[in-house]
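Student: I'll drop the sequence and a predicted model, then ask my questions.
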Amino acid sequence: MANFRLQHDMWVLVADGEKALFLRNEGDAVYPNLEVVREIHDDNPPTREQGTDRPGRLYDTGDRHSSAVQETDWHRIEKRRFADEIASRLYKLAHAGKFDKLVLVAPPLVLGEMRKSLHKEVEEKVVGEVAKTLTNHTVPEMEKVLLAEGERP
């Protein structure tokens, strides 16, 4: 969902599975000036550092056949939990009237997880989505990407 303009006071959420930046445009559509309102970090090490055991095995009764049980992907579960936390914070901010328009910026997987968790009150305020990872970019770099993405049909 592109084709949005960064208007004055519009909010932008830039997130990935471990970090979220809540930004507000202090500038306008031509000269954006994104200011960080809030930053959230989540410690989400790779699954290999979170799991404690090897994958289990199931044994069928009757014959000596066994099947492996897939290891739980703790990293992915934590990304989903973090997306839920972001959606919850967005709801509280929207309900308190902190923003009227919002652009979501996140990698496709995180964007999809967030979309599932967004409250209707937040969904109605989303005017654009950018499926990219920008959390490690500087704010001026984010502004350039958002200007370019907002112009796309």
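Tutor: Happy to help now that I have it. Numbers count the residues shown, from 1 in each chain.

Student: can you map out the strands along the protein?
Tutor: Ranges of strands in the chain, per DSSP state E, are 11-15, 19-25, 34-41, 57-59, 66-68, 102-105, 126-130.

Student: in JSON lines, list those along with mean pLDDT, distance to Arg5 and mean neighbour count.
Tutor: (Each C-beta comes from the backbone N, C-alpha and C, glycine too.) As requested, these are arranged in JSON lines below (pLDDT from 0 to 100; distance: least, Cβ to Cβ, whole Å; neighbours: other Cβ atoms under 10 Å):
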{"stretch": "strand 11-15", "mean pLDDT": "97", "distance to Arg5": "12", "mean neighbour count": "25"}
{"stretch": "strand 19-25", "mean pLDDT": "96", "distance to Arg5": "10", "mean neighbour count": "21"}
{"stretch": "strand 34-41", "mean pLDDT": "94", "distance to Arg5": "14", "mean neighbour count": "13"}
{"stretch": "strand 57-59", "mean pLDDT": "55", "distance to Arg5": "55", "mean neighbour count": "9"}
{"stretch": "strand 66-68", "mean pLDDT": "56", "distance to Arg5": "52", "mean neighbour count": "10"}
{"stretch": "strand 102-105", "mean pLDDT": "97", "distance to Arg5": "10", "mean neighbour count": "25"}
{"stretch": "strand 126-130", "mean pLDDT": "95", "distance to Arg5": "9", "mean neighbour count": "20"}
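
Student: for Thr138, which of those strands is the nearest?
Tutor: Closest approach to Thr138 among the strands of the chain (Cβ to Cβ): strand 34-41, 10.3 Å.

Student: quick one: that closest one to strand 11-15, angle?
Tutor: An angle of 40 degrees separates the directions of strand 34-41 and strand 11-15 when computed by axes from the mean of the first three to the mean of the last three Cα atoms, to 10 degrees.
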